[in-house]
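Peer 1: When you get a sec, could you give me coordinates for this:
(chains A and B)
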Amino acid sequence: MKLKFQNIFNMFAVALLLTGGMMSVAQAEHDDDDERIPVAKNALWQTECGSCHVAYPPRLLPAESWRAVMSGLDKHFGSDASLDTKAAKEIGTFLEKNAGSSRYQSSGKPDLRITETRWFLREHDKVADRVWKNPKVNSPANCAACHTQADSGNYSEHSIRIPK
Amino acid sequence: MSRKFFISLLVAVAGLAVQPVLAETPSQILTSMASSAKAVGGYKGFSAVSGEQFFKSKHGGELSCSACHTDNPAAMGKHVKTSKAIQPLAPSANAERFTDPTKVEKWFKRNCHDVLARVCTPQEKGDVLAYLLTVK
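Peer 2: So this is what the prediction gives:
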């Protein structure tokens, strides 16, 4: 009887360990994959921010950066991208709510350009100069030039095609 | 149903909900531009020829309308800075164009600032639309 109880206990312990192991694998996958499709989406953000460029995922800048971007839309990197108050409020709230960490900031001031964040520079440090200068790329803001699924928020390495 | 799929579905439904209603036709929008031009004064009808010239010229800055929309408004355009594709502007090539007055005003406001560093007059906007309506 004692032996049987021991067996059940062992089985239970093994099952518990297995479950724990599987959970931590799943967790690790989720945490490590930076290119994972961002879950955060908002229809207005997609339409408005996505009309002149890819709608950049909110987690690529911290909240203070998004606040600064949204307060200067009439002079948005040299273009007038102004929105009506209602749309600006909805998009601003969405961006800040889903913003990323500020640990990638390159300086004390909020980064306004994703392409100047330490995260972006590190992720792209193996991209050759000639790729950036290719007319088909034209600007580092042109994610979709290489990230073929950028429009749908997929920046996975599997969908990268460097234009010739 | 996976969570991702469910969220995609939600986004799709939300997207449908905010789709602009195709409330007007380009000619209705042209008529309303004519009313605004009359209210300003000096309106003498819209000219497709003036509109084309306006569309293809620079106005003191680096850009023209055609810098992004190309010299052929029935063709795909390309954002001069980001290289993002721009759907054709001429209603003959893109039935969605000039059907939502709010959208029309939003883009004239933005793009006139970028191209002319000021707002466009109702006459200028009407000339441009008159031109775009002649593009086949």
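Peer 1: Looking at per-residue confidence, what score does the residue nearest the centre of chain B get?
Peer 2: Closest to where the C-alpha atoms of chain B average out (C-alpha atoms, centre = their mean) is residue B:104, at 5.3 Å. We have a pLDDT of 98 for residue B:104.
Peer 1: The one helix or strand it maps to: what's the following helix or strand?
Peer 2: Using DSSP states H and E, residue B:104 falls within helix B:101-116. Using DSSP H and E, the helix or strand that follows helix B:101-116 in sequence is helix B:122-134.
Peer 1: For that following helix, buried residues please.
Peer 2: Buried residues in helix B:122-134, defined by neighbour count with 16 or more other C-beta atoms under 10 Å in any protein chain shown: B:122, B:123, B:124, B:125, B:126, B:127, B:128, B:129, B:130, B:131, B:132, B:133. Where you see a C-beta, it was placed from the backbone N, CA and C, and this is true even at glycine.
Peer 1: Look at the spatially closest residue to residue A:134 that is not a sequence neighbour and give its secondary structure.
Peer 2: Ranked by C-beta to C-beta, 6 or more residues apart in numbering or on different chains and with sequence neighbours excluded, the top spatial neighbour of residue A:134 is residue A:163, at 5.9 Å. Under DSSP: H, G, I helix; E, B strand; the rest coil, residue A:163 falls in the coil class.
Peer 1: Number of residues surrounding residue A:163?
Peer 2: 11 (other C-beta atoms under 10 Å in any protein chain shown).
Peer 1: do the helix holding residue B:104 and chain A meet at all?
Peer 2: Yes. Counting by C-beta under 8 Å from any C-beta of the partner chain, chain A is contacted by helix B:101-116 at B:106, B:109, B:110, B:111, B:113, B:114.
Peer 1: which parts of chain A sit against chain B?
Peer 2: Checking chain A against chain B by C-beta under 8 Å from any C-beta, the hits are A:37, A:39, A:41-44, A:46-47, A:51-54, A:74, A:77-82, A:84, A:136-139, A:141-142, A:144-145.
Peer 1: Try it again at 10 Å.
Peer 2: Applying C-beta under 10 Å from any C-beta of the partner chain, one finds that chain A approaches chain B through A:37, A:39-44, A:46-48, A:50-54, A:73-84, A:87, A:135-139, A:141-145, A:151-152.
Peer 1: For residue B:23, report the pLDDT, please.
Peer 2: 74.
Peer 1: Return the residues in contact with it.
Peer 2: B:29, B:99, B:100, B:101, B:102 (C-beta atoms under 10 Å, 6 or more residues apart in numbering or on different chains).
Peer 1: Just to be sure, it is in a strand?
Peer 2: No. Membership of residue B:23 in a strand is not supported by three-state DSSP, which gives coil.
Peer 1: picking up where we left off before, adding distance to residue B:53, write the contacts of residue B:23 out as TSV.
Peer 2: TSV is the format used below for the contacts of residue B:23 (distance: C-beta to C-beta, whole Å):
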residue	distance to residue B:53
B:29	21
B:99	25
B:100	26
B:101	25
B:102	27
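Peer 1: Can you select the buried ones among the residues you listed for me in ChimeraX?
Peer 2: Selection of buried members from the contacts of residue B:23 for ChimeraX, criterion 16+ other C-beta under 10 Å:
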select /B:29,99,100
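Peer 1: For chain A, which segments count as helices?
Peer 2: Using DSSP state H, the helices of chain A run over residues A:2-32, A:43-49, A:63-70, A:85-97, A:118-123, A:129-133.
Peer 1: just for chain B, where's the confidence low?
Peer 2: For chain B, the stretches with pLDDT under 70 are B:1-22.
Peer 1: hmm, try it at 90
Peer 2: B:1-23, B:42, B:44 (pLDDT under 90).
Peer 1: Much appreciated, bye for now.
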